[in-house]
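**Q** What shape does this take:
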Amino acid sequence: MPQYIASIDQGTTSTRCILFDHKGTIVSIGQKEHRQIYPKAGWVEHNPDEIWKNTLEVMALARINISATAADIAAIGITNQRETTVVWNRKTGKAYYNALVWQDTRTAAYVTQYEKEGRLNDFRDITGLPVSTYFSSLKIKWLLDHVDGLRAAAENGDAIFGNIDTFLIWNLTGGPKGGIHVTDVSNASRTQLMNLRTLQWDSTMLAEFDIPAAMLPAIKSSSEIYGHVHNEVLPGVPVAGDLGDQHAALVGQTCFEPGMAKNTYGTGCFLVMNTGEEIKFSEHGLLTTIAYQFGNQPAQYALEGSVAVTGALVQWLRDNLGMIEKSSDIETLARTVDDNGGAYFVPAFSGLYAPYWRNDARGVIAGLTRFVNKGHIARAALEASAYQTADVVEAMQQDSGIPLASLRVDGGMVANGLLMQFQADLLNKQVVTPAIAETTALGAAYAAGLAVGYWKNTDELKKNWAIAQTWDPSMDEATRDGLYKGWKKAVSKSFGWVD
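**A** This is a model prediction of the structure:
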């Protein structure tokens, strides 16, 4: 009998393979970082070949760590950095260009044109999304417009598109030798090409962005057997789960009821609330998206607030300014002071996402005086994640009409006690961290396990969820209101930097 589920977690900075047992406990991990490629200001790329090689390596590592064989693995689930766009040749498997990462803003000129025409929100009713540099649609358009010969290859079916989930599933199931070209509803909902109601590619959207339908993968549920592995690492194991990273975290946190929400603190910050079978369109700058779909069951919808830069700001202080040696040093430095010293850091490096959607915004540090030192800057950088989350929570409560009881949190930054306490104080809500912190990988494992009967149903998954720590608010109302007012003022100063 297979003992484990394998989860491939292909993130913005690294790829991991995690093996989980029936209780959702981690039994083995393989991890490898990949290069971040910045050809120009605002351009962010990854090498798809490097990601594929790293995927094979971490799969082997996770298996070898515990001397497991393919027979010990019931299924593989995949979760991925969303929106990141790859176009490759169906016959050779070679990409025509590096992957355009979700943070990439080279499509800003297209967005500006829509903005001038007053059409940024024209497609929300179909896709739930505004026109933005964020989503895959304009990234595909840019590749078709700028890579020699690509449009012809796309029209004749040689050039095919996928987000990273699709690229990995295709390669795992045979690549040029019969690889399965599919995606799931959660990833498809982030392309801005899928109709939220029909769960199929929308002809209006394809025509709008001039994208050939022949490029696109088949859209499947998030939990079903897509194909089987065709390589020596885990031969014959079914690939049976596929969820975009934030959707996977929602599943990993077992937020299966309408009104339940989670926030993931990673490179960016992503707050997702389950709205059940009901599509709720946002009036306050949030995205309407698919939460997940298990097999033949109805799709579940969600509201999402995406923040571009949270953990990436800590990396910036480390790599660009040399203020800290390693990311975990940020808390120690921030604890050298009692507050932010009046300083606010708005990390709008490539514009602001929810709820502002300002492509013209750029990063600012506001409120500086001679009193402010590097401890205050470190604290302001940490607090930026909490303030941006508070902006999204405020919008989400207004859109959904559901008050947030507590916030389930996950991601690398939840280890930062100072940030978690400040988040609870700012929201005036309890913040809860789960016993199993790797909720993104766990969600993909759950989707795959449900597809092959490793877990019977979602009730079984709920029994695995346990609390590691809770953070209760302790800040007085006047202090909280004053701090948040300062943040709103700082945000306004970031607007209008790009003409």
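
**Q** Show the pLDDT at residue 1.
**A** Note for residue 1: predicted pLDDT of 68.

**Q** What segments of the stretch 251-400 of the chain are strands?
**A** Taking DSSP state E, counting those that start in this stretch to define them, one finds strands in the stretch 251-400 of the chain at 261-265, 269-276, 287-292, 300-307, 344-346, 364-366.

**Q** And the third one, how far out from the chain middle?
**A** Which is strand 287-292. 12 Å (C-alpha atoms, centre = their mean, to the nearest Å).

**Q** again, but for the first one
**A** Using C-alpha atoms, centre = their mean, the distance from the centre of strand 261-265 to the centre of the chain it belongs to is 10 Å.

**Q** now do the last one
**A** Counting by C-alpha atoms, centre = their mean, strand 364-366 is centred 26 Å from the centre of its parent chain.

**Q** What are the buried residues along stretch 153-164?
**A** Of the residues in stretch 153-164, 153-154, 158-164 count as buried by neighbour count, 16 or more other C-beta atoms under 10 Å. For glycine as for every other residue, the C-beta is placed from the backbone atoms N, C-alpha and C.

**Q** on that earlier part again, right, and the strands of the stretch 251-400 of the chain - which one's nearest residue 173?
**A** strand 287-292 (21.4 Å; C-beta to C-beta).

**Q** Keeping just the C-alphas, turn that closest one into PDB.
**A** What follows is strand 287-292, C-alpha atoms only, in PDB (Å, rounded to 0.1, in the frame of the first residue of the first chain):
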ATOM      1  CA  LEU A 287     -10.200  39.800  -7.500                       C
ATOM      2  CA  THR A 288     -13.000  37.300  -8.000                       C
ATOM      3  CA  THR A 289     -11.400  33.900  -8.700                       C
ATOM      4  CA  ILE A 290     -11.900  30.100  -8.400                       C
ATOM      5  CA  ALA A 291     -11.100  28.700  -5.000                       C
ATOM      6  CA  TYR A 292     -10.900  25.000  -6.200                       C
END
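
**Q** Note down every partner strand of that strand and its orientation.
**A** Here strand 287-292 is paired, per DSSP bridges, with strand 300-307 (antiparallel).

**Q** Average pLDDT for the partner strand, rounded please.
**A** pLDDT averaged over strand 300-307 gives 91.

**Q** how far off strand 261-265 does it point, in degrees?
**A** 40 degrees (axes from the mean of the first three to the mean of the last three C-alpha atoms, to 10 degrees).

**Q** quick one: strand 300-307 to strand 269-276, angle?
**A** 160 degrees.

**Q** Identify all contacting residues around stretch 51-61.
**A** With contact meaning C-beta atoms under 8 Å, 6 or more residues apart in numbering, stretch 51-61 is reached by 6, 8, 10, 14-17, 30-32, 34, 99, 164, 167-168, 171, 231, 233-234.

**Q** is it possible to export the strands of the stretch 251-400 of the chain to a markdown table including mean neighbour count and distance to residue 377?
**A** Converted to a markdown table, the strands of the stretch 251-400 of the chain look like this (neighbours: other C-beta atoms under 10 Å; distance: least, C-beta to C-beta, whole Å):
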| stretch | mean neighbour count | distance to residue 377 |
| --- | --- | --- |
| strand 261-265 | 27 | 19 |
| strand 269-276 | 25 | 19 |
| strand 287-292 | 26 | 31 |
| strand 300-307 | 26 | 19 |
| strand 344-346 | 25 | 7 |
| strand 364-366 | 18 | 7 |
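
**Q** With distance to residue 180 as extra columns, can I get the ones you listed in TSV?
**A** Shown next, in TSV, are the strands of the stretch 251-400 of the chain (distance: least, C-beta to C-beta, whole Å):
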stretch	distance to residue 180
strand 261-265	28
strand 269-276	27
strand 287-292	20
strand 300-307	24
strand 344-346	43
strand 364-366	46
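
**Q** So which of the contacts of stretch 51-61 are in helices?
**A** Among the contacts of stretch 51-61, the members falling in helices (DSSP state H) are 164, 167-168, 171.

**Q** ok, which stretches of the stretch 351-499 of the chain are helices?
**A** 374-400, 417-427, 439-451, 458-462, 477-493 (DSSP state H, counting those that start in this stretch).

**Q** quick revisit: out of the buried residues of stretch 153-164, the closest to residue 83 would be?
**A** Closest to residue 83, out of all of the buried residues of stretch 153-164 and judged by C-beta to C-beta, is residue 163, at 6.7 Å.

**Q** Name the nearest residue to residue 170, ignoring sequence neighbours.
**A** When the adjacent residues along the chain are set aside, residue 170 lies closest to residue 179, with 3.8 Å between them (C-beta to C-beta, 6 or more residues apart in numbering).

**Q** For the one you found, give its distance to residue 231.
**A** 11 Å (C-beta to C-beta, to the nearest Å).

**Q** And residue 113, by the same measure?
**A** The value you get for residue 113 to residue 231, if C-beta to C-beta is used, is 44 Å.

**Q** who's more crowded, these two?
**A** residue 231 (16 against 11; other C-beta atoms under 10 Å).

**Q** Now for that one: which residues touch it?
**A** 56, 172.

**Q** circling back to that earlier point, nearest to residue 416, out of the strands of the stretch 251-400 of the chain?
**A** Taking the strands of the stretch 251-400 of the chain one by one with C-beta to C-beta, strand 261-265 is closest: 8.2 Å.

**Q** Give me the mean pLDDT for that closest one.
**A** Mean predicted confidence for strand 261-265 is 89.

**Q** So which other helices or strands are in contact with that strand?
**A** helix 245-252, strand 269-276, helix 374-400, strand 406-410, helix 439-451 (3 or more C-beta pairs under 8 Å, 6 or more residues apart in numbering; DSSP states H and E).

**Q** List just the nearest of the ones in helices among the contacts of stretch 51-61 to residue 395.
**A** Nearest to residue 395 among the ones in helices among the contacts of stretch 51-61, with distances taken as C-beta to C-beta, is residue 164, at 28.1 Å.

**Q** Touching, the closest one and residue 12? I think so.
**A** No: if you go by C-beta atoms under 8 Å, residue 164 and residue 12 don't touch, sitting 9.8 Å apart.

**Q** Common neighbours of the two, please.
**A** 81, 84.

**Q** ok, and the closest non-adjacent residue to residue 24?
**A** residue 464 (3.9 Å).

**Q** Need the buried ones from the ones in helices among the contacts of stretch 51-61 selected in ChimeraX.
**A** The ChimeraX selection below is limited to those of the ones in helices among the contacts of stretch 51-61 classed as buried (16+ other C-beta under 10 Å):
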select :164,167,168,171
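
**Q** can you list the ones in helices among the contacts of stretch 51-61 in a markdown table and add pLDDT?
**A** Formatted as a markdown table, the ones in helices among the contacts of stretch 51-61 follow (pLDDT from 0 to 100):
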| residue | pLDDT |
| --- | --- |
| 164 | 98 |
| 167 | 98 |
| 168 | 98 |
| 171 | 97 |
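
**Q** nearest to residue 437, of the ones in helices among the contacts of stretch 51-61?
**A** Once C-beta to C-beta is applied, the member of the ones in helices among the contacts of stretch 51-61 that ends up nearest residue 437 is residue 164, at 22.1 Å.

**Q** so what's in contact with residue 179 and residue 231 at the same time?
**A** With C-beta under 8 Å, 6+ apart as the test, residue 179 and residue 231 both reach residue 172.

**Q** need the contact list for the residue nearest to residue 337 when sequence neighbours are not counted.
**A** With C-beta to C-beta, 6+ apart as the criterion, residue 337 has its nearest non-adjacent residue at 4.0 Å, and that residue is residue 375. Listed by C-beta under 8 Å, 6+ apart, the contact partners of residue 375 are 333-337.
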